[in-house]
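Trainee: this one's sequence-less:
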Ligand code: SAM
């Protein structure tokens with residue numbers, strides 16, 4: 001999996017992408033992530049990449065040309081046209097299922113907007129889909145691109161120790177995960193559920209499943225109702 005991030009703030013992205021699990025996965029070659037500075041592709045002698053919106057209005061708009069030139073350069077380097085995503089509050093809400101679908105693609109190009117957004121003409125030319133990370137507006141697309149990269153990368157082989165690591169987690173099968181506990185066995189008078197200390201694998205698996213259903217029902221009744229309609233739910 002290769003992810004190409006086009007941004008005005010590559011250092012901001014690199015700071016996150018070089019740490020922890022993603023940093024190690026990149027160093028080991030399990031995923032490839034490059035950050036491209038859109039400003040490197042402007043033809044303006046003052047390295048400007050934005051201008052006032054036609055028709056008036058607040059703020060600045062990112063110009064089409066530097067973004068298009070950046071995208072073309074990446075296409076040339078790759079020798080193919082990557083699946084191109086514009087991170088936008090107007091996009092389709094991001095989900096675990098979409099993360100899994102994107103993880104199966106060979107290459108993604110993630111465009112981070114800033115200021116008031118991006119000239120519509122370049123979006124119309126290069127973008128395959130717009131993705132939102134939630135119904136709120138952020139100052140830029142960098143954090144959304146990093147959220148997407150993290151969610152996608154951890155489903156790529158070699159990033160987590162084993163596929164089981166994400167397959168057992170919240171949302172993978174439409175349910176939330178059961179509660180987790182670690183040492184000590186008793187903390188501030190509160191004991192760990194006894195079954196988890198039993199070493200009885202079947203009973204532990206049954207407890208995990210029952211707790212997963214309880215937590216989903218209590219915290220996300222919408223997810224629980226959807227799960228009940230799904231093929232995974234046992235027949236009544
Ligand atoms: N004027 C735009 C609008 O009303 O749709 C919002 C622009 S926002 C201030 C600047 C950039 O942040 C956007 O171009 C987009 O890349 C990114 N962004 C902001 N909120 C986002 C969200 N919820 N999901 C994904 N990207 C977001």
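Mentor: Okay, I see it. All figures in this text were calculated on a predicted structure; none of them were measured in a lab.

Trainee: When you work out contacts or count neighbours from here on, use the C-alpha atoms and nothing else.
Mentor: Fine.

Trainee: Any residue of stretch 125-145 touching the ligand?
Mentor: Yes - applying Cα under 6 Å from any ligand atom, one finds stretch 125-145 touching the ligand at 132-141, 144.

Trainee: what's the burial count for residue 71?
Mentor: 26 (other Cα atoms under 10 Å).

Trainee: Show me what secondary structure element comes after whichever strand or helix holds it.
Mentor: Assessed by DSSP states H and E, residue 71 sits inside helix 64-78. Per DSSP H and E, the first helix or strand lying C-terminal to helix 64-78 is strand 83-93.

Trainee: Quick one: residues in contact with that next one.
Mentor: By Cα atoms under 8 Å, 6 or more residues apart in numbering, the surrounding residues in contact with strand 83-93 are 105, 107-113, 123, 126-137, 141, 144-145.

Trainee: mind listing what that strand pairs with, with the direction of each?
Mentor: strand 107-112 (parallel), strand 129-132 (parallel) (DSSP bridges).

Trainee: Buried ones in whichever helix or strand comes after the first one, by neighbour count?
Mentor: Reading on from strand 107-112 to the C-terminus, the next helix or strand found by DSSP H and E is helix 120-126. Applying a neighbour-count criterion of 16 or more other Cα atoms under 10 Å, one finds 122-123, 126 buried in helix 120-126.

Trainee: The longest helix along the chain - contacts with which helices or strands?
Mentor: Within the chain, and with DSSP state H defining each element, the longest helix by residue count is helix 201-219. When contacts are defined as 3 or more Cα pairs under 8 Å, 6 or more residues apart in numbering; DSSP states H and E, helix 201-219 sits against helix 221-229.

Trainee: tell me the angle of the helix it packs on relative to helix 201-219?
Mentor: 130 degrees (axes from the mean of the first three to the mean of the last three Cα atoms, to 10 degrees).

Trainee: and this protein, which of its residues are near the ligand?
Mentor: Residues of the chain lying close to the ligand by Cα under 6 Å from any ligand atom are 87-90, 112-118, 132-141, 144.

Trainee: swap the cut-off to 8 Å and go again
Mentor: With Cα under 8 Å from any ligand atom as the criterion, the chain meets the ligand at residues 86-91, 111-118, 131-145.

Trainee: Can you turn the buried part of the contacts of strand 83-93 into a ChimeraX selection?
Mentor: In ChimeraX, a selection of the buried entries from these looks like this (16+ other Cα under 10 Å):
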select :107,108,109,110,111,112,113,123,126,127,130,131,132,133,134,141,144,145
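
Trainee: Turn the buried residues of helix 120-126 into JSON lines, including pLDDT.
Mentor: Putting the buried residues of helix 120-126 into JSON lines (pLDDT from 0 to 100) gives the following:
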{"residue": "122", "pLDDT": "98"}
{"residue": "123", "pLDDT": "98"}
{"residue": "126", "pLDDT": "98"}
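
Trainee: among the helices and strands of this structure, which has the poorest mean pLDDT?
Mentor: helix 164-167 (a mean of 72; mean pLDDT, DSSP states H and E).

Trainee: Just the pLDDT for the closest residue to residue 122 other than its chain neighbours.
Mentor: Excluding the flanking residues, the one nearest residue 122 by Cα to Cα, 6 or more residues apart in numbering is residue 64, at 5.1 Å. pLDDT recorded at residue 64 is 98.

Trainee: before we move on, what about residue 26?
Mentor: 97.

Trainee: same question, residue 206
Mentor: 97.

Trainee: Give me the neighbour count for it.
Mentor: 12.

Trainee: repeat for residue 42
Mentor: If we define neighbours as other Cα under 10 Å, then residue 42 has 21 of them.
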